[in-house]
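Undergrad: Sequence first, then the predicted structure:
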Amino acid sequence: MTLSTVRLGTADGELAKALAAIRAELGVSEGFPPEVEAEAREAVASAAHPEDHSAESAAYEDLLDVPFFTIDPAESMDLDQAMHLERDGTGYRVRYAIADVPAFVKPGGAVDAEARRRGQTLYPPDGRIPLHPLVISEEAASLLPGVERGAYVWTFELDADARLVSTRLTRARVRSERRFSYDEVQELVDDGSAPENLALLREVGLARILIEQERGGASLGRPDQEIREHDGRYELVRRRPLEAEGWNAQISLLTGMAAAQLMLDGGVGILRTMPPPSDDSIVWFRRRATALGTAWEEGVGYGAYLRMLDPADPRQLAILHAAASLFRGAGYTAFDGAPPEHPVQSAVAAPYAHATAPLRRLVDRFVLVVCEALANGREVPEWARAALPDLPAIMASSDGLAGRLDYAATSAVEAAVLHPRVGERFAATVISTRNGGGELQLEDPAVTAPGEGRLVAGERVAATLVTADIATGTVLFRVGE
């Protein structure tokens, strides 16, 4: 459901300049050095017969008769995952194919070095900045429909309640039969016309959500804020995630937890970890939630509490934004030998690893290589093992850059959305206060912005827009005028 859509109109020219300045300041660009592009093209050519490409794994299994499908945003070309679901007795068999990026990246080569420098694909509003050259990420490795591809294929046997019974991981040749968008999946499932392969995603996804709730896992469930560009114009969209996105996410979570367990059992790997919320942060959040009108009752887990909130209510949306304070400290923990002292990702409420997006995130490539070796009783390749200690710092740096880029770009777009409306009054909710000012949650557009004046947390106010500077991404409201 679209919560807020605002086109920018005459502000687009100034916004384009601001976005270009943000890229320049952060030193990010889409292009790759010539030697990286050349090596990528050579790797694609040499990987035409993948059975001969790597002596570190067994021959590729033939799964070309399995009707895999993909679910991605309609415009995406870098398709990391394809899946197939079927009934297996009273339970289920889920196959999850992940793009075979290691087949195209020579350890220690130019593509590898550039990927380590970038860390992940970045998504500014004015164009994607990919992790790998497009000949790999959008062509040879992407699980596009109708073409044969190499993949790391996870096979999960689940019981009748969708609990994991066994895990298998092999490299295989696969072919996706169809590409779905999230909207298509939701529509087909809702109207009952989805084929069983796709309809089972809802069945398994809902069962896995129940398991997530049992173990205390949590998701913020906030509406997505998307910045879209079309023909040189931008729009800011607030969109509540579809149910289908949640079902799909459960397959990725299942894979990440299975990968983490493989590595913990094998004594080597890298986990995505996050400490539990501190007592102080929980106390602060409880106070904020109460001030905003929906108290977090004692005895209710924070995952269960967050699932109760309605993001269409501005005050409850403000609580969901405030809940980010409980999800801090996420990082990567590498180990070789003894398992980490704190292996859990607290929002997942289980050990977890990033293993499903190697086209877009560096660490996943290494996790796949480590897990495939462990799953098949072989030694982890030395090049992968040697890289593990370096990956946490690389990913932390990349995450920091992605955060700065997203914040600066979003601020510029929000300023552009509001720029023509300086002097107007907006309905808002005060979500925090500090030193004669605070933070406001606007109702429409659904923007969070600073305000000044006499503010009381949780109070609904009429706020006057006094500043919306696109070049600096600065927005300011005043209450009480």
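TA: Arrived safely, thanks for sending. Numbers count the residues shown, from 1 in each chain.
Undergrad: Can you give me the buried ones in the lengthiest helix in the chain?
TA: The longest helix of the chain (DSSP state H) is helix 391-418. Using 16 or more other CB atoms under 10 Å as the test for burial, helix 391-418 gives 391-392, 394-395, 398-399, 401-402, 405-406, 408-418. For the C-beta atoms, the positions are set from N, CA and C on the backbone; glycine is no exception.
Undergrad: Excluding residues flanking it in the chain, which one is nearest I282?
TA: L326 (7.1 Å; CB to CB, 6 or more residues apart in numbering).
Undergrad: didn't the one you found look like it was pressed against G303?
TA: No. Counting by CB atoms under 8 Å, L326 stays clear of G303, with 10.0 Å between them.
Undergrad: what is in contact with those two at once?
TA: A218 (CB atoms under 8 Å, 6 or more residues apart in numbering).
Undergrad: residue contacts, the residue nearest to I282?
TA: Neighbours of L326 in contact, by CB under 8 Å, 6+ apart: 218, 277, 281-282, 285, 302.
Undergrad: And it, how close does it get to P275?
TA: Applying CB to CB, to the nearest Å, the value for L326 to P275 is 11 Å.
Undergrad: go on, G458?
TA: Applying CB to CB to G458 and P275 gives a distance of 29 Å.
Undergrad: Tell me where this structure has helices.
TA: Counting by DSSP H, the helices of the chain are 12-26, 34-46, 110-118, 134, 182-190, 196-215, 243-266, 279-291, 302-308, 314-322, 362-375, 382-387, 391-418.
Undergrad: and the angle for the first one with helix 391-418?
TA: Pointing back at helix 12-26 there. Taking axes from the mean of the first three to the mean of the last three CA atoms, to 10 degrees, one finds that helix 12-26 is oriented at 160 degrees with respect to helix 391-418.
Undergrad: Pull out the buried residues from stretch 111-119.
TA: Quick answer for stretch 111-119 (16+ other CB under 10 Å): 111-112, 114-116, 118-119.
Undergrad: repeat for stretch 474-481
TA: Buried, per 16+ other CB under 10 Å, within stretch 474-481: 475-477, 479.
Undergrad: Repeat that for stretch 79-96.
TA: Neighbour-count burial for stretch 79-96 [16+ other CB under 10 Å]: 79-85, 91-96.
Undergrad: go on, stretch 275-285?
TA: 276-277, 285.
Undergrad: With respect to V66, which of the residues you listed is nearest?
TA: Ranked by distance to V66 (CB to CB), these are led by P276 at 39.5 Å.
Undergrad: S346 is in contact with the closest one, correct?
TA: Yes. Under the criterion of CB under 8 Å, P276 makes contact with S346 at 4.4 Å.
Undergrad: Under the pLDDT cut-off, which ranges of the chain? List them.
TA: 1-12, 48-58, 220-239, 481 (pLDDT under 70).
Undergrad: and the longest strand for it?
TA: strand 164-180 (DSSP state E).
Undergrad: helices or strands up against that strand?
TA: strand 61-62, strand 68-71, strand 91-99, strand 148-158, helix 243-266, helix 362-375 (3 or more CB pairs under 8 Å, 6 or more residues apart in numbering; DSSP states H and E).
Undergrad: Any idea which of the ones you listed gets closest to V422?
TA: Between those, helix 243-266 lies closest to V422; by CB to CB that is 35.7 Å.
Undergrad: Buried residues in the closest one, which are they?
TA: 243-264.
Undergrad: between it and strand 164-180, how many degrees?
TA: 140 degrees.
Undergrad: Could I have the CA atoms of helix 243-266 written out in PDB?
TA: Listed next in PDB are the C-alpha coordinates belonging to helix 243-266 (Å, rounded to 0.1, in the frame of the first residue of the first chain):
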ATOM      1  CA  GLU A 243       2.900 -10.000   2.900                       C
ATOM      2  CA  ALA A 244       4.700 -11.700   0.000                       C
ATOM      3  CA  GLU A 245       7.900  -9.900   0.900                       C
ATOM      4  CA  GLY A 246       7.700 -11.300   4.400                       C
ATOM      5  CA  TRP A 247       7.200 -14.900   3.100                       C
ATOM      6  CA  ASN A 248      10.200 -14.500   0.800                       C
ATOM      7  CA  ALA A 249      12.300 -13.100   3.600                       C
ATOM      8  CA  GLN A 250      11.600 -16.200   5.700                       C
ATOM      9  CA  ILE A 251      13.300 -18.400   3.100                       C
ATOM     10  CA  SER A 252      16.400 -16.100   3.200                       C
ATOM     11  CA  LEU A 253      16.300 -16.200   7.000                       C
ATOM     12  CA  LEU A 254      16.100 -20.000   6.900                       C
ATOM     13  CA  THR A 255      19.200 -20.100   4.700                       C
ATOM     14  CA  GLY A 256      21.100 -17.600   6.800                       C
ATOM     15  CA  MET A 257      20.500 -19.600  10.000                       C
ATOM     16  CA  ALA A 258      21.400 -22.900   8.300                       C
ATOM     17  CA  ALA A 259      24.600 -21.300   7.000                       C
ATOM     18  CA  ALA A 260      25.500 -20.100  10.500                       C
ATOM     19  CA  GLN A 261      24.900 -23.500  12.000                       C
ATOM     20  CA  LEU A 262      27.100 -25.200   9.300                       C
ATOM     21  CA  MET A 263      30.000 -22.800  10.100                       C
ATOM     22  CA  LEU A 264      29.600 -23.100  13.900                       C
ATOM     23  CA  ASP A 265      29.600 -26.900  13.600                       C
ATOM     24  CA  GLY A 266      32.600 -26.800  11.300                       C
END
